[in-house]
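Visitor: give me a 3D structure for the following:
(one chain, ligands or ions: 1)
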Amino acid sequence: MAASSGKSVLFVCLGNICRSPIAEAVFRKMVTDNGDTNNWRIDSAATSTYEIGNPPDYRGQACMRKHGVPMRHVARQWLIDSGAVSDWNTGSSPDTRALACLRKQSIETDHRARKVTKEDFLSFDYILCMDESNLRDLNKKANSVKNCKAKIELLGKYDPQEQLIIQDPYYGSEEDFEKVYEQCLRCCKAFLESHS
Ligand SMILES: N#Cc1ccccc1-c1cc(NCCCN2CCCCC2)c2ccccc2n1
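Guide: Next up is the predicted model:
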């Protein structure tokens, strides 16, 4: 079978903590399940600086865990990796309040939100975003980049059910994250099939 050339896709939304990390995780799992990992560079980014440095939203992480979709590799369990300068509590378990805080964060990924850069427009084949506002922001930024390589599109363009817009679930419920997941699943599958 001829080796297909390397391809690259950047998923983008407003904050890079809700929709685009879900799309990235869903697409990465599909590519991995296809044994195609080496042919794809996959990443996600934000059009805003709202959440730079923050992990994906815990509601999205919970949704991914429910569907068995890994969100990149699991970050280290800090309490197990930490150490003490005294022997006061040698052999004791971590403080329950600290464990409760970690569970609440349920940070199981090392992805941290980042803003889309000019370099992204030169290095990615596709930049797939979620709504008209993302598209406007991306096209505006692309206009200031010479030799823009990326094809900038709505991810929803690939939806067999023709739901063009993937709504921002930030102020939404668990159901809204579930809808984002279902839309990303349909769109990523169709996008991969049309670009394999
Ligand atoms: N904006 C809007 C908006 C409008 C409709 C629906 C959702 C949102 C919304 C709001 C967010 N953060 C709260 C406001 C942030 N601050 C806005 C003013 C500048 C300083 C930052 C989000 C954060 C991460 C991902 C998606 C988000 N989406």
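
Visitor: how about residue 185: what's its closest non-neighbour residue?
Guide: residue 26 (5.7 Å; C-beta to C-beta, 6 or more residues apart in numbering). Quick note: C-beta positions are derived from backbone N, CA and C, even for glycine.

Visitor: assumed that neighbour was part of a strand.
Guide: No. Under DSSP: H, G, I helix; E, B strand; the rest coil, residue 26 falls outside any strand and is assigned helix.

Visitor: that one reaches residue 184, doesn't it?
Guide: Yes. Using C-beta atoms under 8 Å, residue 26 makes contact with residue 184 at a distance of 4.7 Å.

Visitor: how close does residue 137 sit to the ligand?
Guide: Applying C-beta to the nearest ligand atom, to the nearest Å, the value for residue 137 to the ligand is 12 Å.

Visitor: that residue reaches residue 46, doesn't it?
Guide: No. Residue 137 is beyond contact range of residue 46, at 9.7 Å (criterion: C-beta under 8 Å).

Visitor: more crowded one of the two?
Guide: The neighbour count for residue 137 versus residue 46, taken as other C-beta atoms under 10 Å, is higher for residue 46 (23 against 17).

Visitor: get me the contact residues on this protein for the ligand.
Guide: Residues of the chain lying close to the ligand by C-beta under 6 Å from any ligand atom are 14-15, 17-18, 50-51, 168, 170-171.

Visitor: 8 Å instead, please
Guide: Selection of the chain residues close to the ligand by C-beta under 8 Å from any ligand atom yields 13-18, 46, 48-51, 57, 113, 168, 170-171.

Visitor: closest to the ligand among those?
Guide: Relative to the ligand, the closest of the residues of the chain next to the ligand is residue 15; by C-beta to the nearest ligand atom it sits at 2.5 Å.
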